[in-house]
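Chemist: Could you work out the structure for the sequence below:
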Amino acid sequence: MKTLSKTESFPASAEQVFKTIDDLGVTGMHMTESSMMMMGSKLNLEFLTAHKTGLGSRYRWTGKMMGLAMDFTVEVTKWVNGVEKVWETIGETKLIIYSWYRMKLLVNEANGKTKAELSIAYDKPKGFFNKVLCFLLADWYCRWCLKKMLGDAKKAIATQANQPNPSMHPTAVLLVLLSTISYAAFSQTSNSGVYKTYEDYRSRKLMYEIDCNSESHKIKSDQFHHKDVVRVVHRDSLFTMPKSEIFGFKDCKGVVYRIVDGKNHTILNPYDNLQLYKHEIRGHKRSAIHYYFSKTMDGEPILLTIDNLHHTFQENPEFLKKVDQQFKRDSQLKKFDKASKQYVLSNIYDTTI
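Modeler: All right, here's what the predicted structure looks like:
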């Protein structure tokens, strides 16, 4: 058995660090995404217990890597909240470079910072071919996993730290919001990538992310022969994803698209409470543009009309009263205020919630 470990320091409490690393939605993402380190493959995750965390929780990974089937079940064998977690493969496994592995997390808080030590212990596989792959790839892959898991946890904690605290004074909340808006306006074209889930979009976490100032890639959607997929040419590799499995994507022009029923909808005001969309239907001689809104950031887009706003926001009479005062026709609802750089309708909504 061989063991490799890595330690990372976090400017957060032990409880928060433990909870973040314990979350497979954060530290398991690298196995569900196609990448060079995953040999262009990805694995599927299935929870086998009702509780997704804690002692005794189990989950199963399935898929292929390098054309070889992978199928293994993992069980949490030790779980001390905020302190220690141990999880390992159980039963019959189909692994390529290991025959068994165990991971261990130790968290220790001191002087306002938290150190997290993450380690992998593994046994070599059987069979000459697998042993050769183990010799060539096992340690390299282990180090990448440790670095990726701790790095993704650090990004997630940094994102959480940027969220306004509900208990803060209203003035402080306003200052944080203004800072966030200013930062987003300044950096909106600096990165590009794919939002795999709504949670990724909400936390602005991009898959296949690049810095547009120094890198380039292509995100292709709505192609004639590939209408049901999004194709990403990322660092000389082509990745194809069904539209049904991703939330949307962002290009280097700062334009964010949400995919609804297999169609691209441009989000006119990304991350706003009341989101507005534009969807273009291209015809032989002319195109038609339709505008939509959604009550929540992940809600179903609804045709943008005054009547539909009244039907959707019946519980907010103050908002509807201001809508009637400001807009007389449906076509006015998409009005953009250049001074504030906001859509008027979205701004009105923010003042009533």
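
Chemist: ok, now which ones touch the closest residue in space to A14 that isn't next to it in sequence?
Modeler: Leaving aside its chain neighbours, A14 sits nearest to E109 (3.8 Å; criterion: C-beta to C-beta, 6 or more residues apart in numbering). Just so you know, the C-beta spots here come from the backbone N, C-alpha and C atoms, and that holds for glycine as well. Residues counted as contacts of E109 (C-beta atoms under 8 Å, 6 or more residues apart in numbering) are 13-14, 115.

Chemist: From L345, how far out is E109?
Modeler: According to C-beta to C-beta, to the nearest Å, E109 and L345 sit 46 Å apart.

Chemist: Also Y257?
Modeler: Y257 sits 20 Å away from L345, taking C-beta to C-beta as the criterion.

Chemist: now swap in T240 and tell me
Modeler: From T240 to L345 the distance is 37 Å (C-beta to C-beta).

Chemist: quick one, which of these two is more surrounded?
Modeler: L345 (25 against 11; other C-beta atoms under 10 Å).

Chemist: For that one, give its distance to I210.
Modeler: Distance from L345 to I210, by C-beta to C-beta: 33 Å.

Chemist: Can you tell me the element C142 falls in?
Modeler: helix 128-161 (DSSP states H and E).

Chemist: Now that helix: buried residues?
Modeler: For helix 128-161, a neighbour-count test (16 or more other C-beta atoms under 10 Å) marks 130, 133-134, 137-138, 141-142, 144-146, 148-150, 152-154, 156-157 as buried.

Chemist: Would you map the helices across this structure?
Modeler: Assigned by DSSP state H, the helices in the chain fall at 14-22, 24-27, 29-32, 128-161, 170-187, 198-202, 306-312, 317-326, 344-350.

Chemist: Reformat those as CSV; add mean pLDDT.
Modeler: Below are those laid out as CSV (pLDDT from 0 to 100):
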stretch, mean pLDDT
helix 14-22, 91
helix 24-27, 78
helix 29-32, 67
helix 128-161, 82
helix 170-187, 45
helix 198-202, 90
helix 306-312, 95
helix 317-326, 95
helix 344-350, 92
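
Chemist: of those helices, which approaches M297 most closely?
Modeler: helix 198-202 (6.3 Å; C-beta to C-beta).

Chemist: Just the CA coordinates for the closest one, please, in PDB.
Modeler: C-alpha atoms of helix 198-202 as PDB (Å, rounded to 0.1, in the frame of the first residue of the first chain):
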ATOM      1  CA  TYR A 198     -27.700  26.100 -12.100                       C
ATOM      2  CA  GLU A 199     -25.600  26.000  -8.900                       C
ATOM      3  CA  ASP A 200     -22.500  26.500 -11.000                       C
ATOM      4  CA  TYR A 201     -24.200  29.500 -12.800                       C
ATOM      5  CA  ARG A 202     -25.300  31.000  -9.500                       C
END
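
Chemist: Which residue, other than its chain neighbours, is closest to the most centrally placed residue in the chain?
Modeler: For the chain, D200 is the residue whose C-alpha lies nearest the centre (C-alpha atoms, centre = their mean; 2.3 Å). For D200, ignoring the flanking residues on the chain, the nearest one in space by C-beta to C-beta, 6+ apart is F247 at 6.6 Å.
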